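Student: I'll drop the sequence and a predicted model, then ask my questions.
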Amino acid sequence: MAEPLSTNVTIEPCLESSVYEYSLDGEKIKSTQSMSDHFTKILSRMELNDLRSEDSIDTPTEDERRIVNGGKNTFGAFFEQMRQAYIEVCALHDILSLVSSRRYFNLSANVADMEETLNSGNSRQQRELLVRQSQDMIQKSWASKRTSARQAADVLLSSYQRFMQIINTTSGNAENFHVQLSNLRQRWKIRKQNNTNRYLGDLSFRSAGSFYPFKMQFEVTKADSHKRTQNNSIEVIIPEELQVRVILKIVIETKDRQILLRTYSTMMANDTIINSQDNSYDSILENAQRTVFLKELFSQLCREASDITNIIQPTVMRNSIKCWILSDVMMTISLLRASEFDPTIDGESTHSGAHIGLLEYSLCALLRQQFLRNFHYSQLKPSTLMLGVPALRRVAGVSAFNYNQLKSISENKSILQTIIELSQHQVVRARILDLLNNLSANSDINMIVNVSAFSSTTSTYGRIHLISPGYDMLCRWSYMFQIEECQVKIQYKSHLIEFQHHIEEVQRFFINQIAYFKFTVACTLAKIFGWSLVGSSMAPTVGRLTEIQFSAQLNHTQISTSIGIRIGDDLQLQVAIRKRRDHNDDTVMDDDSTDRTGGSRGVKYDPIDLDNYCGISTLQKFEMFIASLLHEEKQR
Amino acid sequence: MLAIKIILIVLHFILYSVIQLPSGSFKSPAEAAESYLEKLEKGGAKKTRPFQVDLVSYSPSITNSKTVHVLSHSEYPASSFAFAEQSNSQMLVADNTFIALMNKLKTLRAFETRLPKMEARGTRLEYQDFVINLGTVSQSQTTKGLVLEVAYVPMDETRDGYCLIQEFLQSFLNMPKQMIQKLITEQLSHWIRSLKDKKDAEYTPSITLLQYMDILIHMRKQPNE
Amino acid sequence: MMPGTGNPAMNIQARQNQNDEILTRCLNITQRLRENLQVLLNTTKQAANIETDEQSLSSSTTNLSSNSVNSSIRNNIDRKLYDMGTSLDQLVAHIEQYDFKLLQNQQVLISHYNELSYEKQGILMDEWSTNAKWADKLIDIFPLLHPSNQLYRRSNQRNTNSNIRLRIDGPSSPFIDRIVAQFDTSQQQQQQQSATKDYSISVQRLSDHLNIIEFSLFRSGLDIYLYIRHCTVEHVIVKPLNEKKQFSNNFNNKLLTNYRALDIIAGHIRAAAVYYAPFGAQADQALGKLLIYISKFQTLHAQKCVNCQKHLLNGLQPTWRDFKTYECYHEECLN
């Protein structure tokens, strides 16, 4: 085989894509290296830990060196290029395997070189192209900025650490004073007085609008040299009247000295009255602030109490305000010093759950509202308008408010009034509900009391149902009741009756209603069996609501005995029978309410003991009794 | 005997009506006022507080311009009401400072008060849900007559309610039926007819004041009693 | 197949799978490339060795065999080169199919995570992807999880299908709406001519069971608020309509009126509420009857009392409406 005289040589243009390098600033630099050189450079920068390195790439063998170095060797250049290609393909393989394992790399499209094709597309395509290019550039520059920022962060961190070392090691007192002063200043209002070197703090509520005339200033000074320690180079001086702790005490008791409520409050977040020896300046100042608050609150209450336009006039004594919130209930609000407080008298706090802190919060809110009223500052223009006037008043003239509306604008409920109303309502409500509880527990019919969810702190609504157990379908009565601040109203027949002397009257009313209910149920039951009501002591009108002795006579067409039923004093049903005579005699009902003098000319009834009949409740026994009468009659 | 002057005033869309009461059968308006007051009190109304309505008319110095009537009512203490003649019965409701403004204009000679000031003074009574204002009208110390304002406060609709006012007037003040007819019902139907095309206008206190203004202006023109 | 864009309707998971597939194929191709290159290098070495051997030996005895070896080597090389060429082309084609746009939206996040994961040796991405899968799962089953939906549906169905005793489970607003709608239709039937309604009912829902029905009667200027707890009336308040216009804050609730007549009407409505609801059954019927009763108060100012034929008695209108016949009476005239 003859050797070919020529070899095929392919001539290819050097169509290598240009290499762009993105610097740390996001600049796009056209690199002068070839692609493979550039790739090599990048590869050398990367540290790939789990690169499965190929063997026999980095240590060229003797042969290879001989081959390469033999310049005139036909295979030399070819070998070299192949070797480079081999390295690149190995690297590509490794990169692709890393990308597929999704751990370090992600492929992203390189926005191709578009300068050649810009003039070909239309303007919209060009714009899109440019947008994509710029986005691409932004992302890449962002990534590079992050890395450079990290280096800067390292520098800053190291310097910070050095500074902290310096700071922590020095222990000069001067620096400590200022440091602690600035710490304190973060929580309290401290200002430096202008011409002297004093630092004065303010504990009052002036910025909230209070006009309390006493100055509440405290002073922060450097501690004396023999007291100076690491943490304590400042000293806080509080005025004398704030150095005591005060406690607010509220007592509600009846005329007979029965305590309905007694509660103490120091405006502290937790329940302890006297706390332990926590002497840091923060706690000292906090206690002082609490004292200020309680004193201001109490002075506001005293001021309101001496207002003579109150409906209920409280009396203000040395350190307490007493007022009669109901005719027999007195409420006392007093301010005690910590020294006067005797922890043995008071039991533990009876509040729990959502009530903890409710009193304190409400008092704060009310006082704040009061402060706000001290100046009505509003941002309304024009500036020539009068200050200190609430917004509604400004509109009043133009909207032609009448006299009542104007009065309602300027009338404000004082704190004491709110407290009194609330406590009135609470006491009345507790009493009424207690009473209803007792009644329903002790009577043998079912009395269901539903307090409505629409009730508020000053008015309670609800419904009361009377049902006879086992005979629900016979009769069910409902009442709607309404408990206002100091009145009780119950809906009866078509209007609300107002009860003035609450407990006794309401009790009497309900006892009457229960008696009437029992009576009606018994009558209805009898009617079902065919008995008819001949006469009763019920008046057709509303009648006296205090009566409980209802009585009636029942006759049956087929039975010759008459039954008399009556609700006795103990609210129990009493039944009696008598034989009917043919002629009518003096049928005066044998009622306890009519006194009998002389011999009784009334109708004689023989009482029946309902216990002889079986049944769980009286009504059941009555039913058995009636049924037995009918049965006897049928047997005859 | 004094002549009976009866002037009809519109019953606007609240049960408010302002009428001029006849004081014919009495010797003087003061006595008339007394007797009406007694009647009301015997019927069960309660006196609450005095009331007063003022009318001041400002006419501009340049003649042939509109006069401005400014009213104030003590039941609306924060407002003053103004009305310019020949406008379409619209009243301006403003703050009290409007009166001060007009006074200032008077001192600056922009306006003059040629016509005398009219005042209605009396008492306000309350009966169940009604409010009654009874007053004597005087024009610079000479009494001119009586004015009565009746309002049923909770309601705004007129169509069904004027019979309430009718009955009230009949029963309480023993006003004969034709008088009520003339005073109220005619004007009311006239008013309702005029408003049938557009929606019902809501009641605003300016309607009451409009009625007052009409009465007081009319009384101003009357001879003294 | 369109390069790079992929089907946008495919969800991300499918695109990701596609990408993975492409990558594995590229991997295979590069592997092949590597092997080819390796073989090429070896054969080049062989050929170079043979050449140098030839040069050094300069004997022609083994010419024939070396020639054949040469030609076979050359053929080999040619074949390998051709192979490599095709493989490269395939690689390029595959890369073009790679869906870069898949991750374009998440580019920033991905690169951030990449950087972070480099520090954590590559495990952050795994955690993140597992979390994402969990979140997806959660979104799928969330509608089934939400408890109130389920109960609502269940109890609602039960209540509207049954005619037996009313049970207080499930929210009561469908009942209220039904009752109000019934009332509306009944009123429509009665007054065919009315162009504009002379009343309005609105329900304010405070919670599942607590509602406030506001019944405004325009002709008589009354505004009646019924506070109900699941069809049971607990409180009634009657206010004049003009108060609402003046103050226009909806829950104004001074809870007492200043007007005697309205108070009395409130008392009557309360009595009616109790009267129409006997024995606890069918509370919604009672509410319907109550609404009808209230609507009779439209004529408060227009009608005269049946007994005394007057509008006013003691300054009060006939506020009592008989429970059965709906005639109006003064209270005192009843006795």
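Tutor: Yes, it's here.
Student: phi, psi for A:Q217 please.
Tutor: Dihedral angles of A:Q217 (phi, psi; degrees, to the nearest 10) stand at phi -120, psi 140.
Student: my read: it touches A:P239, true?
Tutor: Yes: applying Cβ atoms under 8 Å, one finds A:Q217 in contact with A:P239, separated by 6.7 Å. (Glycine included, C-beta is placed from N, CA and C.)
Student: which residues touch the closest residue to A:R262 other than its chain neighbours?
Tutor: Spatial nearest neighbour of A:R262, chain neighbours left out: A:V251 (4.8 Å); criterion: Cβ to Cβ, 6 or more residues apart in numbering or on different chains. Shown in contact with A:V251 (Cβ atoms under 8 Å, 6 or more residues apart in numbering or on different chains): A:I259, A:L261, A:R262, A:M331, A:T332, A:S334.
Student: okay, these in CSV with distance to A:S617, secondary structure and neighbour count next?
Tutor: Converted to CSV, these look like this (distance: Cβ to Cβ, whole Å; DSSP: H, G, I helix; E, B strand; the rest coil; neighbours: other Cβ atoms under 10 Å in any protein chain shown):
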residue, distance to A:S617, secondary structure, neighbour count
A:I259, 39, strand, 9
A:L261, 39, strand, 14
A:R262, 43, strand, 16
A:M331, 44, strand, 23
A:T332, 48, strand, 16
A:S334, 52, strand, 17
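Student: for those residues, which one is nearest chain C?
Tutor: Relative to chain C, the closest of those is A:M331; by Cβ to the nearest Cβ it sits at 24.0 Å.
Student: contacting residues for that closest one?
Tutor: A:M331 makes contact with A:I250, A:V251, A:I252, A:K322, A:C323, A:W324, A:I325, A:I419, A:I420, A:S423, according to Cβ under 8 Å, 6+ apart.
Student: flag every buried residue along stretch A:209-225.
Tutor: Neighbour-count burial for stretch A:209-225, counted by 16 or more other Cβ atoms under 10 Å in any protein chain shown, picks out A:G209, A:S210, A:M216, A:F218, A:V220, A:K222, A:A223.
Student: export the residues you listed to TSV and tack on secondary structure?
Tutor: Output for the buried residues of stretch A:209-225, formatted as TSV (DSSP: H, G, I helix; E, B strand; the rest coil):
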residue	secondary structure
A:G209	coil
A:S210	coil
A:M216	coil
A:F218	strand
A:V220	strand
A:K222	strand
A:A223	coil
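Student: kindly export stretch A:394-403 (C-alpha atoms) in PDB.
Tutor: What follows is stretch A:394-403, C-alpha atoms only, in PDB (Å, rounded to 0.1, in the frame of the first residue of the first chain):
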ATOM      1  CA  ARG A 394     -67.000  73.600  66.100                       C
ATOM      2  CA  VAL A 395     -69.600  71.900  63.900                       C
ATOM      3  CA  ALA A 396     -72.400  72.500  66.300                       C
ATOM      4  CA  GLY A 397     -73.300  76.000  65.100                       C
ATOM      5  CA  VAL A 398     -73.400  75.100  61.500                       C
ATOM      6  CA  SER A 399     -75.400  71.900  62.000                       C
ATOM      7  CA  ALA A 400     -77.900  73.600  64.200                       C
ATOM      8  CA  PHE A 401     -77.500  71.400  67.200                       C
ATOM      9  CA  ASN A 402     -80.200  72.000  69.700                       C
ATOM     10  CA  TYR A 403     -79.900  72.500  73.400                       C
END
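Student: scan chain B for its longest helix.
Tutor: For chain B, the longest helix by residue count, based on DSSP state H, is helix B:205-221.
Student: hmm, back to that, just the buried residues of the contacts of A:M331.
Tutor: Neighbour counting with 16+ other Cβ under 10 Å marks A:I250, A:V251, A:I252, A:C323, A:I325, A:I419, A:I420, A:S423 as buried within those.
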